[in-house]
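Asks: structure here, sequence nowhere to be found:
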DNA sequence: ACCCAGGCGACGA
DNA sequence: TCGTCGCATGGG
């Protein structure tokens, strides 16, 4: 493997946290090794990632792929500016202050859609397990024991029985329906990127097993639709307590980032929300 | 053992 | 249109 280390600079004032970004529930294919580096696969590229005072350190990337990783970590976006807007609301400021270094990753549309189909009524740790088995069973081996995320065309030809090793339960038929509708073009992911938001939501929800929440997650994490605001059980609890009258207006254009701050805060500090007890 | 999880579809009122 | 229930599985 190429052992050259490449740095993607992030201005210090943006306060990036690699660990918070990769552990905040938006992605499922990164694992921290004993050395503290994170190993992951993005669109068929295996990589080891760490950070220093100036940004992101990448080990093992191919020549000329810096821009790919810049895009993945959304480094063209200035998060300090976004936090300044969000923090006009004091409650939002408190949530953001808890893990200000989170960035919303720009993930692959199909992988994101499929992963969040798997996420429903499920735990983070178990979601990662099912996704890992999905890749091991049906992805391509990139290097030793490292597999890509399988394309929809690969999964579309399978049966529920074929997916039994994933132990994904009732979600298996949802995975297959998504793979089939995407590979036949009944749902065109490339179009969803630019559709009016409500049309995009409706298009994704044509898939059996994709409802409002999964569609919202796919649009935010897989299509960079930053005004999306996924509401899972954690968010419902947190919102009821923090924002009973809804998300403040100053957060609307960056609702997805606000959501990530609130979600992470709620998950890390469940005792902060009385109705949980 | 027990509760619940980044929900959704089916069904009945 | 809205509330309720079953769903597969296993981490904590």
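Replies: Perfect, I can see it now. Remember, it's a predicted structure, so these values are computed and weren't measured experimentally. Numbering: from 1, shown residues only, chains lettered A, B, ... in the order given.
Asks: the residue in chain A positioned nearest to DNA strand B: what's it in contact with?
Replies: Closest contact between chain A and DNA strand B, by C-beta to the nearest atom of the strand, is at residue A:211 (2.4 Å). Backbone N, C-alpha and C define where each C-beta goes, glycine included. The contact partners of residue A:211, by C-beta atoms under 8 Å, 6 or more residues apart in numbering, come to A:120, A:205.
Asks: what is the neighbour count of the spatially closest residue to residue A:160 that is not a sequence neighbour?
Replies: Nearest residue to residue A:160 in three dimensions, chain neighbours excluded: residue A:172, at 4.8 Å (C-beta to C-beta, 6 or more residues apart in numbering). When neighbours are counted by other C-beta atoms under 10 Å, residue A:172 registers 21.
Asks: now the one 4 residues further on
Replies: The burial count assigned to residue A:176 is 21, neighbours taken as other C-beta under 10 Å.
Asks: tell me the contacts of it?
Replies: A:155-156, A:158-160, A:163.
Asks: 7 Å instead?
Replies: Residue A:176 sits next to A:155, A:158, A:160 when contact means C-beta atoms under 7 Å, 6 or more residues apart in numbering.
Asks: could you give the number of residues near the second one?
Replies: When counting by other C-beta under 10 Å, one arrives at 17 neighbours for residue A:158.
Asks: make TSV from the contacts of residue A:176 and add secondary structure to it.
Replies: Below are the contacts of residue A:176 laid out as TSV (DSSP: H, G, I helix; E, B strand; the rest coil):
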residue	secondary structure
A:155	helix
A:158	coil
A:160	coil
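Asks: of those, which is the nearest to DNA strand C?
Replies: residue A:160 (9.5 Å).
Asks: looks like that closest one contacts residue A:171 (just checking).
Replies: No: the pair residue A:160 and residue A:171 does not pass the contact test of C-beta atoms under 7 Å, sitting 10.3 Å apart.
Asks: please say which of the two ends up with more neighbours.
Replies: Neighbour totals were compared for residue A:160 and residue A:171, and residue A:171 leads with 22 against 12 (other C-beta under 10 Å).
Asks: not counting sequence-adjacent ones, nearest residue to that one?
Replies: Closest residue in space to residue A:171, ignoring its immediate chain neighbours: residue A:118 at 5.5 Å, by C-beta to C-beta, 6+ apart.
Asks: brilliant, that's me finished.
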